[in-house]
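# A structural model of the following input is requested.
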Amino acid sequence: MRHRRNTTKLKRTASHRRSLLANLTCSLIEHGRIKTTLGKAKALRPVAEKMVTLAKRDDLHSRRLAIAFLRQKDAVKGLFEKVAPAAKDRQGGYIRITKLGPRPSDAAPMAIIEWVDRPVSTSDDAVEVAAEEVAAK
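Below you'll find the model as predicted:
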């Protein structure tokens with residue numbers, strides 16, 4: 001039974017898992033949306049949402065905590081200047097996970113993880129529809 005076991009291990013050691021989640025969070029901050037496996041997306045969601053909650057406080061201590069976890073000052077700057085102001089009125093649920101289907105090579109379930117308050121452009125929608133059509137074939 002998995003009662004009260006909150007951490008998804010992703011078949012990695014604790015240090016490797018922490019680095020992976022920090023790097024995925026930085027990529028999500030930089031690009032706004034990333035395509036990854038469903039397991040990694042589900043493990044990333046609570047980490048990224050905690051970073052947004054830190055950034056919404058917008059004080060020196062929260063900035064230092066974010067730098068300590070992410071280890072990339074550019075990502076922290078983007079988090080505090082772009083992501084947190086867009087989510088200031090939202091009380092949680094900053095991230096959306098969309099399932100894509102299996103990856104062709106190894107049939108791993110894939111997903112797109114993105115910010116809910118991300119501005120959507122028409123070119124992104126066209127690319128997403130095309131990607132889903134290719135995945136369906």
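# Would you tell me what the next helix or strand after the lengthiest helix in the chain is?
Taking DSSP state H as the assignment, the helix of the chain that covers the most residues is helix 38-57. The C-terminal neighbour of helix 38-57 among helices and strands, as given by DSSP states H and E, is helix 60-70.
# So which elements touch the very next helix or strand once past that following helix?
Using DSSP H and E, the next helix or strand after helix 60-70 towards the C-terminus is helix 73-78. With contacts defined as 3 or more C-beta pairs under 8 Å, 6 or more residues apart in numbering; DSSP states H and E, the secondary structure elements packing on helix 73-78 are helix 14-31, helix 60-70. To be clear about C-beta, it is placed using only N, CA and C from the backbone, and glycine gets the same treatment.
# Redo those helices as CSV? Include mean neighbour count and distance to residue 5.
As requested, these are arranged in CSV below (neighbours: other C-beta atoms under 10 Å; distance: least, C-beta to C-beta, whole Å):
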stretch, mean neighbour count, distance to residue 5
helix 14-31, 16, 14
helix 60-70, 15, 22
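# Adding distance to residue 38, write those helices out as a markdown table.
Formatted as a markdown table, those follow (distance: least, C-beta to C-beta, whole Å):
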| stretch | distance to residue 38 |
| --- | --- |
| helix 14-31 | 13 |
| helix 60-70 | 23 |
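# Many thanks, we can stop here.
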